[in-house]
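A.B. asks: here is a sequence together with a model predicted from it:
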Amino acid sequence: MTKLALSPVLRIDEKVEPSVTAAPARRQVVRVEDLTMVYDQKAGPVLDKVSLSVEEGDIHGIIGRSGAGKSTLVRCLNRLVVPTSGRIEVSGHDITRLSGADLRGARRDIGMIFQHFSLMSSRTAADNVALPLEIAGISKEEIRKRIPVLLDLVGLSNKADAYPVELSGGQKQRVGIARALALDPKVLLSDEATSALDPETTEQILSLLKDINRRLGLTIVLITHEMEVVRAIASHVTVLEHGQVVESGPTFDVFAFPKSPVARSFLSSIVAHELPPQVAGRLSPEPSSDTAPVLRIVFTGEAAEEPVVADLAVKFGIRASILHGRIDYIDERPLGILTLLLPEAADRVPAILAHLSSLGLHGEVIGHAVRSSAAGTRRAAS
Ligand SMILES: Nc1ncnc2c1ncn2[C@@H]1O[C@H](COP(=O)(O)OP(=O)(O)OP(=O)(O)O)[C@@H](O)[C@H]1O
């Protein structure tokens, strides 16, 4: 008797509160400890002592450049790849030690979706979704009941009899998602599931994944090379570079205060950590007689909506020029980064930083730039 036969279909109809409202102490559904993978001794490790954990109900993005080891990592989670050393636990199963029937049983708790969908062209949408149920030995009657529920969940009720060739990319991925959910997994692995889709379809698939995460409380681990994907749906993110974790944490924290150059660079098109070259080119590390301090303020939470700059003008009498800035919403919370030039204000910088800190904001002098009037004089002279 399978788990599905014991507790059939119904879980996907239940409404579960969003993961953000879940109790604080949540179970770790995925635990990776010191995971190392060497395909080729000469090339060195592709994964090098990787450790991370994913809590129940989270959507955890794993991001890295091409070759960083993302696919290898996600494939180790369901033992499509056998790691060289380290330990992986998924939903209580010690994935690295299991074999045979135990491994097959553990894999039922792990659904997976792929960049190129991996559908069988000779089967209809319904029959593709039925495949894992057939392999698991679920009765025909049970499958017949379950397929419409799964297709409905992904919004494809009207395409049950369509073959993959008759479906758009987004519809194929919906079939892939329904198939991955067929055995009621505890974790869904997504390997670049939106990389082959256009931006609009990507948005639809990501919102479907988020909806499934909320409705079912399903934990999702998704690998991607696009920070936009992480921003759209991930509550947590791990950044991989050269097979190592360079940072990991709540998406908002990594977006607000990225520690690694690779994370900053991934974020450059989303939040204003990196200055445009025209502004960066004006910065020098040391002050001089014709420069003024350049202040970066990171606005988080409620303070992002406060009149902070106006208050600085009133309280400290400064006439700040905005060099660069952007406010965005990350994990549904506002995050703003503003870079200001503070002419005639060098002596007030310590007090300004203390004031920002008292508001719970992060302020930092990132360099010094020629004051705009001096810049104009210089341009005129050159
Ligand atoms: N089966 C394999 N045999 C040998 N080397 C491999 C194998 N699979 C991956 N590699 C190598 O491991 C490294 C990491 O590959 P992996 O696919 O895990 O990275 P990735 O971050 O997912 O990259 P991409 O975004 O380009 O898919 C690469 O140098 C790749 O050539």
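C.D. replies: Everything's here; your move.

A.B. asks: contacts and neighbour counts: CA atoms only from here.
C.D. replies: Noted.

A.B. asks: could I get the full set of helices for the chain?
C.D. replies: Counting by DSSP state H, one finds helices in the chain at the ranges 3-6, 70-77, 100-107, 125-135, 140-153, 169-181, 199-216, 227-233, 251-256, 261-267, 277-280, 308-316, 349-358, 372-381.

A.B. asks: pLDDT of the fourth one, averaged?
C.D. replies: On average, the pLDDT along helix 125-135 is 96.

A.B. asks: mind putting the helices of the chain into JSON lines with mean neighbour count?
C.D. replies: Shown next, in JSON lines, are those (neighbours: other C-alpha atoms under 10 Å):
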{"stretch": "helix 3-6", "mean neighbour count": "14"}
{"stretch": "helix 70-77", "mean neighbour count": "21"}
{"stretch": "helix 100-107", "mean neighbour count": "14"}
{"stretch": "helix 125-135", "mean neighbour count": "21"}
{"stretch": "helix 140-153", "mean neighbour count": "17"}
{"stretch": "helix 169-181", "mean neighbour count": "25"}
{"stretch": "helix 199-216", "mean neighbour count": "18"}
{"stretch": "helix 227-233", "mean neighbour count": "21"}
{"stretch": "helix 251-256", "mean neighbour count": "21"}
{"stretch": "helix 261-267", "mean neighbour count": "18"}
{"stretch": "helix 277-280", "mean neighbour count": "11"}
{"stretch": "helix 308-316", "mean neighbour count": "14"}
{"stretch": "helix 349-358", "mean neighbour count": "15"}
{"stretch": "helix 372-381", "mean neighbour count": "11"}
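
A.B. asks: and D347, how many neighbours?
C.D. replies: 9 (other C-alpha atoms under 10 Å).

A.B. asks: how close does it get to L341?
C.D. replies: D347 sits 14 Å away from L341, going by C-alpha to C-alpha, to the nearest Å.

A.B. asks: and the ligand, which of the helices of the chain is closest to it?
C.D. replies: The closest of the helices of the chain to the ligand is helix 70-77. By C-alpha to the nearest ligand atom, the value is 3.7 Å.

A.B. asks: what angle sits between that closest one and helix 100-107?
C.D. replies: Put simply, helix 70-77 runs at 120 degrees to helix 100-107, going by axes from the mean of the first three to the mean of the last three C-alpha atoms, to 10 degrees.
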